[in-house]
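S.K.: Sequence and predicted structure below; questions after.
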Amino acid sequence: MALPAQDERTLPAAVLHDLDRRPLDQALSDMQTLIEQHGYVIVLCSRAAPTAVSERLHTVRSLLESDRIALFSPELPPLGIAVLARQLRQLASCDLSPGVLASAGRLLTHYLHTGALLGSVAGLDRVPVDLKAHARSWMPGSQFAVLSHPAPQLVRVGPGAMLTGPEFATSMLVARGQQAADWVNGTLAPAWNAQGLREVVLPAESAEWWGTGKLVEFCAYLPDLSVLYQLVTSVRQSACHWCGIDVIGDRCVFCSATPPAADLPVPA
């Protein structure tokens, strides 16, 4: 899902529709066109997407023999993926190199708080659920608040129930499925001191990721481009020893090379 632009500087997204169902030559042609137009391509793919989608992306990258395609599939629910993609679209308007921009995806995931209000946890397998919660999920009217990132947490909604929120100012997006959003909008958002709250369409993969269509997915995030830019530029950058591109972290997002053993930090 491509979210609307956060501001006038946010670059548009290129959505790869039906990647697993279209002929391979079309997928190759579309990706080659994107590379020719922009030089580098950063692909974010939800882990809730069909396995065939991920396989097709790796096939396309391999057949094109390109080190200008970065594939990134963080362990975030679909709305979190959409928010992260928009943050990278915001940063793409700045003076960041392709390698630093692609590496920023890993950094920014640490500042996302993603979760959902669920009518049942019987089908939830991406967050630890104890047997008591499973049993309660069969009781009529039960609701569970689940935090998937940055640290898994699950509480049964009731008086005093709350999830651990961010320790910094954020905005919040809410996407409703077949569940009322009263608790998220009226209890969670104020408790988290959300500076702004907007509703968006529920991503297509959300029901698969959370194991139920009775949900309200939410994501707290940093909305300001200046803050995102400061976070990214404050981290030490280094050049990949294999392809030479500037990156953040110890693995190149384009060629997947890691530093030689002599350059790795020595364990204490």
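M.R.: Structure's in. What do you need? Residues are numbered from 1 along each chain as shown.
S.K.: what packs against whichever strand or helix holds residue 108?
M.R.: Assigned by DSSP states H and E, residue 108 belongs to helix 98-108. Contacts defined by 3 or more Cβ pairs under 8 Å, 6 or more residues apart in numbering; DSSP states H and E place helix 98-108 against strand 41-44, strand 69-72, helix 78-91, helix 225-233, strand 246-248. Yep, even glycine has a C-beta here, placed from its N, CA and C like the rest.
S.K.: If we use 6 Å, what do you get?
M.R.: Contacts defined by 3 or more Cβ pairs under 6 Å, 6 or more residues apart in numbering; DSSP states H and E place helix 98-108 against strand 246-248.
S.K.: Give me the sheet partners of the strand it packs on and which way each runs.
M.R.: strand 237-239 (antiparallel) (DSSP bridges).
S.K.: picking that back up, list the buried ones in the helix holding residue 108?
M.R.: 98, 99, 100, 101, 102, 103, 104, 105, 106, 107, 108 (16 or more other Cβ atoms under 10 Å).
S.K.: Residue 81 versus the fifth one, what's the distance?
M.R.: As for residue 102, its distance to residue 81 is 15 Å (criterion: Cβ to Cβ, to the nearest Å).
S.K.: for the fourth one, same thing?
M.R.: From residue 101 over to residue 81 the distance is 16 Å, taken as Cβ to Cβ.
S.K.: cool, and the second one?
M.R.: Residue 99 sits 21 Å away from residue 81, going by Cβ to Cβ.
S.K.: Could you list the domains of the chain?
M.R.: Split into domains by the TED database, the chain comes to 24-111+235-248, 117-221.
S.K.: how about the ones you listed, which one is nearest residue 17?
M.R.: Among the domains of the chain, domain 24-111+235-248 comes nearest to residue 17, with 9.3 Å by Cβ to Cβ.
S.K.: Mean confidence (pLDDT) on that closest one, please.
M.R.: Domain 24-111+235-248 shows a mean pLDDT of 91 in the predicted model.
S.K.: distance between the ends of that domain?
M.R.: End-to-end span of domain 24-111+235-248 (Cα to Cα, to the nearest Å): 32 Å.
S.K.: Setting the sequence-adjacent residues aside, check what's closest to the spatially most central residue of the chain.
M.R.: By Cα atoms, centre = their mean, the chain has its centre lying nearest to residue 81, at 2.4 Å. The shortest distance from residue 81 to any non-neighbouring residue, by Cβ to Cβ, 6 or more residues apart in numbering, is to residue 46 (4.8 Å).
S.K.: Let me see the backbone angles for the one you found.
M.R.: For residue 46, the backbone dihedrals (degrees, to the nearest 10) come out as phi -70, psi 140.
S.K.: how near is it to residue 210?
M.R.: With the distance defined as Cβ to Cβ, residue 46 ends up 12 Å from residue 210.
S.K.: And for residue 89?
M.R.: 25 Å.
S.K.: Looking at those two now, which is surrounded by more residues?
M.R.: Using other Cβ atoms under 10 Å as the criterion, residue 89 and residue 210 rank with residue 210 on top: 29 against 20.
S.K.: close enough to count as contact, that one and residue 114?
M.R.: No - at 10.7 Å, residue 210 does not count as touching residue 114 under the criterion of Cβ atoms under 6 Å.
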